[in-house]
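Asker: coords below, sequence missing:
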Ligand SMILES: Nc1ncnc2c1ncn2[C@@H]1O[C@H](COP(=O)(O)OP(=O)(O)OP(=O)(O)O)[C@@H](O)[C@H]1O
Ligand SMILES: Nc1ncnc2c1ncn2[C@@H]1O[C@H](COP(=O)(O)OP(=O)(O)OP(=O)(O)O)[C@@H](O)[C@H]1O
Ligand SMILES: NCCCCNCCCN
Ligand SMILES: [Mg+2]
Ligand SMILES: [Mg+2]
């Protein structure tokens, strides 16, 4: 238990630094460090104050949302097929789903780039979305499949027994029950997509996502707003997940 | 789409030559069965004998390999489950964990687009004694309460047939007895056909009008519980429906209305009306509660038949005391002696005479060479 | 480090004023208890009354809030579980799914660094009738077999005390009876102290030398099963250990060795030796099997006491028939009539006289104002 | 296999995007960090650019996303080759890379008639360069010098390249540029060789010296413009750096200092280029013309402290800040220029060979 | 959120559920079609094309074009030249995985078995930092580990030996960055499998004389093996291909194969050799994964 808490603390240390930096009052060319610390609210008052940051941020949010949507829909369908049916080619499909997880991002990113270029596809927003759906897909399948496999098939039988046809059974029983798995998969996808740099960097063309903005900033001087957004993302995600969990926690309490 | 006449005056449930195979394995084997409308039918049998499979075929959750299932004169063999006027109370309740109790109960009516459900749900919850529980989630109920929700959820649809798959299996003894009374009461009140699967023969006997004992995919015997207990058809049934003392015997002849048999060197008689075989090998059987104990041969009432042995164990179970008596040939006999306060308990290791009235014995078929009665071993079959 | 003398000649297990609280809730309340070495002790009580908590404290899996636990004269209250010569057979078996049966059984010995284990494991598997199963994984065994592995795994360590937490809870009736016989046999053979927790009072009674009935964290009564059944100490025990018919009564006086009571306008007597109260309100109790039925007052044997009523239900359970009889004042009486083939069954709705011998009745304390006997409702407590 | 990337004339023509400047008053500008003037009080404002917008009505999206020539080229090459838009109307690349891009036919010509200031004011040394004889492809943005920078808070003065590459107290706290011409050029000069006429043997000898420093752990990093952060923080004690950057940094952090190595400085310039797929050529022409106005050029130079490529800017500077007008790093005189060298224009073959050797030491 | 824990932990025991009978044999194919096509088109096809690229004549260039010469020697050359980088990548990834396991196990264990009603909250704590961009976090590490930061000065004051007296731009810094960034990929699957661990089994072990250490090694660890396998894979694979940590927190003496591939693709433009390196890396990882999964004895891991 003690070690566990220490590890948790370790996870939080950099977040603390980011939060501290978000309140730091310093000039454009001041060193990025906690020395000569002066406090200010200014950056929080204007989180998108640095040129390009707001655009990059909303772009990343949009990409993550679309990629999550795509991956969750495609992945959920696939996990239903894999968890509920036996068919020829099941093993091959499982392998196809495992492979992207076993492939380093750099390999995925570069090969996809080669494809887009060869096909003459204009790199940019949509190529990023396509790439993100691709690498989130496997994680969705694994997550939803696990949930489905733990689902009692008798519940669906009970629904059919109670006059629900196949569609109603799916909508009224199966889907709500698999929902926690889907939500988890969505959260995972969102964070994977929102945070991705390597694959995105290959396939972004001239579009600048938030991680790419950060990457660029790290080379020329980091605007404090980056820390504001970093901290805000942490707090918001924490609250969202927490609120989602509240009913659950109360029940267990 | 032609809707089923839900809750319409029902008709008998008929299974005609129904067989279900899973690959090479036959789970239900050419089963034919009639369950009269409005009756309480119990299916009994060891684990794995095909009870659940039979119910699932009636519910439409499994399709028979061959054979037909009829409700009145409608053939429902290939009807999808949601089109049958049949509902199931599942072994594990299968309540929808994401829905409230009221929504669970309302589920079937909603699917059929019935209006004004709230009232019906309330009445149904009242029937199963769960007023005020509508808003809770299944996980907030105790096992017994969940069981009643499962029942309400099925009953509210007024099915022609209600299937119950070991609905009490998970409850402890006390709660189980309580629920049995409840179930029986509800069945009498609503008057629909119940097909009840259970492991517990005492449950089957207290509740059912008709009991069927299944064995390896077939019906071994079917009848009223009293008759079947009193005069079982096979050694399997004799052992499965309550306990029996069975002696390997051989018919030696006939004397008037009695069949004479010899067992382990002793001679006994059984009324011909209580014999399933009249020559060759047989099992001579007597129920433990039909055996009486006497402290000497002289104390045996006239007309009784008897065997002498040593008491090897006695256990007091409140209502009665169970004695094990070992006769000269070894196999122990079980004797239930009621603690009605009439006789004093007997000591272990003492010699006693076990006696019974010939008309309480029965003679059942015994395959040549078999000398150990077929034991009901759920494990071996599981 | 001083090792425990595993399997050394044991000594009595003593619980002295043991209390266990979870936050504000007291699960076990100032419990004192002595279990003599080598005896078979059963703990009985409704769900949630603190049985498991008691066992867990003995095993060292839970620490008492106050009080001491002694084995002989060694205080083990704060000893870590792995240092106690105590083993547990868990309710759910808790077999290690990743280990073979043999490795499961060998687990305890291995942890203690014992050599030459193979032989012992084999002997132990033989004892529980599982020769040849050593190589299998737990998931490849049936429930009953798993139960026996759990037993073997504990027994092989020759603990001074073996704790059994509803080990038969998950089995069906038939298998359960079979395992009860097995357990009792093994206990007799190895002669170590068994503390057995169960929900099933029949189980407790057949197996135990001493039974303790727990209620809300305290011991309500403790004694030999026969004595407790025959003359329970409280209405709770009377209802929990078997069934009882309890009439709200009031002591009206005394006549020699008999206490006179009045109930629902009728007058009865109970021998003073069978009265737990001698004035004020009381519960007049008679066991269902001690009640007899007569078709008229004139058929009641002299010296018997009686009540007349209408038969409202009869159910045939093979061994006996259970009648419900409603007297003038309403509350139904339960009567078990053995099917020993002596009397003919009685018809529902007929009038009968229920009678009993005064020395089969007992009189128990009744709090002023209570008119409904405390019902054992597992759900309400769960 | 794949087709050659070099475009035929016909392909080049086919690839040039239509100019929509007439209807779209905007342009996108990709430049290096620390290459534009910023309002001291409001860091989101860029005075010269804002004035340009005010004057012409053209809104400029300004991105500081060029960190290293190779890196930037690597990012856009696929699109430019496939004749796809890179969403940029201006990119600023160093001479050698500009020459390469021009050679590949990936940029469009601008109309000299529309950039009179440029034709008139560009420094003589930057006219009619071999790869852009007609001055139609590239307009120098700034020129600059490569030398040594150090952080006085962490180390004492670093005077020579040899010190940088060997001084023990600097071990692990030194960065050199991933820009081969800068790093190798300075080393060549420290070995007494002229980067303008470098031979393969000389190049190899210089690399040898570099390799020793890498292997000994002296060198912490090969950087692009990103040396700036680490130098500023003091995680780098000293590094090879670009003149204007260091002067800008020292304005806020006086510990950061620029040193002219005794063996000399590298001289280069960075050029405005219009990608062939850019759709706002007309707007860019206005931008070029605007920045070649000596007054604007002086204003910019006063902030970025690079060598101003605009004739007449020195006079304007005189009015603005006489100190700066005399600064040799901004307006070098002949004596200063004599101490600087430019790197030889490599043939494609040489470039490939040298780059590979350099990359083997730096990139991995 | 608890379902998040299932990531990579594989399906729980039990056969796939089947409803009635498969009346519509085509249904699974229809369900698989969109996702399957997506993967085929955007994963498999590019991979195959990348493989083709790896066999181009390396003397070509972007400017000149490449010729397909089935140049298998690209692989030999890549392996020969960059063997140290391969070894470093695999070594760093292995070390990272081991440290993640050592750190992640107690954390997952504490959450799963001791978390009680705080379980979900604690799990959120593990995940939430990862919504702050990975680069921002890594930059924060640069601040923390800075040569002039208080961590280094404290360690120096305590005379803890540091490589060259610093933390940043050293192997430990790169490993620390990798560990930090991949820790959740270890914790989540571990949590998922530990959550399923019946605490009664641990009690049973204690009851059977297992001391805490034996309880862990004999019961908890073997039973959480599927989680360990899934976690190690999900950590090892991306760590082996990473280049950001080495680039930001290391020097070019810490560069991993990812840095080489990245520079070949994006800076040098040597596509055949970049592709050959990519494929070698992928193959090496697949072989390792395969051997590992076999030896760990959990076949249906992912
Ligand atoms: N889908 C299936 N595939 C193969 N065999 C099956 C399938 N379903 C059931 N069986 C087999 O058919 C036989 C009958 O199963 P069924 O579930 O009907 O038994 P049961 O009588 O309900 O037993 P229990 O009392 O244990 O519930 C068993 O041997 C079982 O293993
Ligand atoms: N860890 C705990 N925290 C809080 N309350 C607890 C805890 N463990 C047990 N209890 C409570 O203590 C009481 C006794 O529990 P215990 O498990 O001993 O009951 P039991 O007699 O074994 O019941 P059952 O027959 O249902 O197994 C119950 O009300 C239970 O809710
Ligand atoms: N901050 C602006 C730096 C510009 C550097 N240009 C690259 C010159 C390469 N020799
Ligand atoms: Mg069944
Ligand atoms: Mg318990």
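Answerer: Structure's in. What do you need? Fair warning: this is a prediction, and the values are worked out from it, not measured in the lab. Ligands and ions are numbered 1, 2, ... in the order given.
Asker: And residue E:36, how far from residue E:177?
Answerer: 36 Å (CB to CB, to the nearest Å). Any C-beta I mention is one placed from the backbone N, CA and C, and that applies to glycine too.
Asker: With neighbour numbers in mind, choose between those two.
Answerer: Comparing residue E:36 with residue E:177 by other CB atoms under 10 Å in any protein chain shown, the one with more neighbours is residue E:177, at 26 against 22.
Asker: so does the strand or helix carrying that one get close to chain C?
Answerer: Residue E:177 belongs to helix E:171-195 when elements are defined using DSSP states H and E. No: using CB under 8 Å from any CB of the partner chain, helix E:171-195 never reaches chain C; the gap is at least 12.2 Å.
Asker: Show me what that helix is packed up against.
Answerer: helix A:2-22, helix E:73-109, helix E:119-127, helix E:134-145, helix E:225-241, helix E:244-249 (3 or more CB pairs under 8 Å, 6 or more residues apart in numbering or on different chains; DSSP states H and E).
Asker: Return the distance of the following helix or strand past it from the chain's centre.
Answerer: Using DSSP H and E, the next helix or strand after helix E:171-195 towards the C-terminus is helix E:199-207. Counting by CA atoms, centre = their mean, to the nearest Å, helix E:199-207 is centred 32 Å from the centre of its parent chain.
Asker: contact partners of helix E:199-207?
Answerer: The contact list for helix E:199-207 (CB atoms under 8 Å, 6 or more residues apart in numbering or on different chains) reads C:59-61, C:80-82, C:86-88, C:90, C:92, C:94, C:96-97, C:107, C:154, E:113, E:214-215, E:218-220, E:223.
Asker: check those residues against ligand 2, which are close?
Answerer: Checking the contacts of helix E:199-207 against ligand 2 by CB under 6 Å from any ligand atom, not one of them is in range.
Asker: List the ones among these that fall in helices.
Answerer: Residues of the contacts of helix E:199-207 located in helices (DSSP state H): C:59, C:107, C:154, E:214, E:223.
Asker: What is the burial count for the first one?
Answerer: Burial measure for residue C:59: 25 neighbouring residues, criterion other CB under 10 Å.
Asker: so it makes contact with residue C:89?
Answerer: No: the pair residue C:59 / residue C:89 is not scored as a contact, 10.6 Å apart, by CB atoms under 8 Å.
Asker: list residues touching both of those two?
Answerer: By CB under 8 Å, 6+ apart, residue C:59 and residue C:89 have these common neighbours: residue C:163.
Asker: residues in contact with the residue nearest to residue D:49 when sequence neighbours are not counted?
Answerer: Nearest-residue entry for residue D:49: residue D:60, 5.3 Å, with adjacent residues in sequence omitted and distances by CB to CB, 6 or more residues apart in numbering or on different chains. Listed by CB under 8 Å, 6+ apart, the contact set of residue D:60 reads D:26, D:27, D:28, D:29, D:49, D:52, D:53, D:287.
Asker: Including secondary structure, could those residues go into TSV?
Answerer: Shown next, in TSV, are the contacts of residue D:60 (DSSP: H, G, I helix; E, B strand; the rest coil):
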residue	secondary structure
D:26	strand
D:27	strand
D:28	strand
D:29	strand
D:49	helix
D:52	helix
D:53	helix
D:287	helix
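Asker: Check what contacts the helix or strand hosting residue B:204 and list those residues.
Answerer: Take DSSP H and E as the rule and residue B:204 turns out to sit in helix B:201-207. Residues from elsewhere that reach helix B:201-207 (CB under 8 Å, 6+ apart): B:40, B:42, B:44, B:168, B:176, B:180, B:183-184, B:196, B:198, B:211, B:225, B:229, B:240-242, C:173, C:315-318, C:322.
Asker: so where's the chain shaky on pLDDT?
Answerer: In the absence of a named chain, this looks at chain A. For chain A, the stretches with pLDDT under 70 are A:1, A:28, A:245-253.
Asker: I was after chain E.
Answerer: Judged by pLDDT under 70, the stretches of chain E that qualify are E:1-24, E:297-302.
Asker: which strands and helices sit next to the helix or strand hosting residue D:302?
Answerer: Assigned by DSSP H and E, residue D:302 belongs to helix D:294-304. Helices and strands touching helix D:294-304, as assessed by 3+ CB pairs under 8 Å, 6+ apart, comprise helix D:47-56, strand D:139-151, helix D:243-252, helix D:281-291, helix D:313-320.
Asker: Arrange those in JSON lines, one row each, with mean neighbour count as further columns.
Answerer: Output for the helices and strands packed on helix D:294-304, formatted as JSON lines (neighbours: other CB atoms under 10 Å in any protein chain shown):
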{"stretch": "helix D:47-56", "mean neighbour count": "16"}
{"stretch": "strand D:139-151", "mean neighbour count": "26"}
{"stretch": "helix D:243-252", "mean neighbour count": "22"}
{"stretch": "helix D:281-291", "mean neighbour count": "23"}
{"stretch": "helix D:313-320", "mean neighbour count": "18"}
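Asker: looking at those, which is closest to residue E:131?
Answerer: helix D:243-252 (32.5 Å; CB to CB).
Asker: residue contacts, the closest residue to residue D:260 other than its chain neighbours?
Answerer: Setting aside the residues directly before and after it, residue D:260 is nearest to residue D:147 in space (CB to CB, 6+ apart), at 5.2 Å. With contact set as CB under 8 Å, 6+ apart, residue D:147 has these partners: D:186, D:240, D:241, D:243, D:258, D:259, D:260, D:261, D:265, D:266.
Asker: taking those one by one, which sit in helices?
Answerer: D:186, D:243.
Asker: tell me which element residue 164 is part of?
Answerer: Picked chain A for this. Applying DSSP H and E, one finds residue A:164 in no helix or strand.
Asker: think we crossed wires, I meant chain D
Answerer: Following DSSP H and E, one finds residue D:164 within helix D:161-166.
Asker: got it, and residue D:271?
Answerer: Following DSSP H and E, one finds residue D:271 within strand D:265-273.
Asker: didn't residue D:35 look like it was pressed against residue D:63?
Answerer: No: contact between residue D:35 and residue D:63 fails when scored by CB under 8 Å: they sit 11.2 Å apart.
Asker: what sits up against stretch E:105-112?
Answerer: Against stretch E:105-112 from outside (CB under 8 Å, 6+ apart): A:1, A:3-5, A:7-8, E:119, E:122-123, E:126, E:186-187, E:190-191, E:194-195, E:197, E:220, E:227-228.
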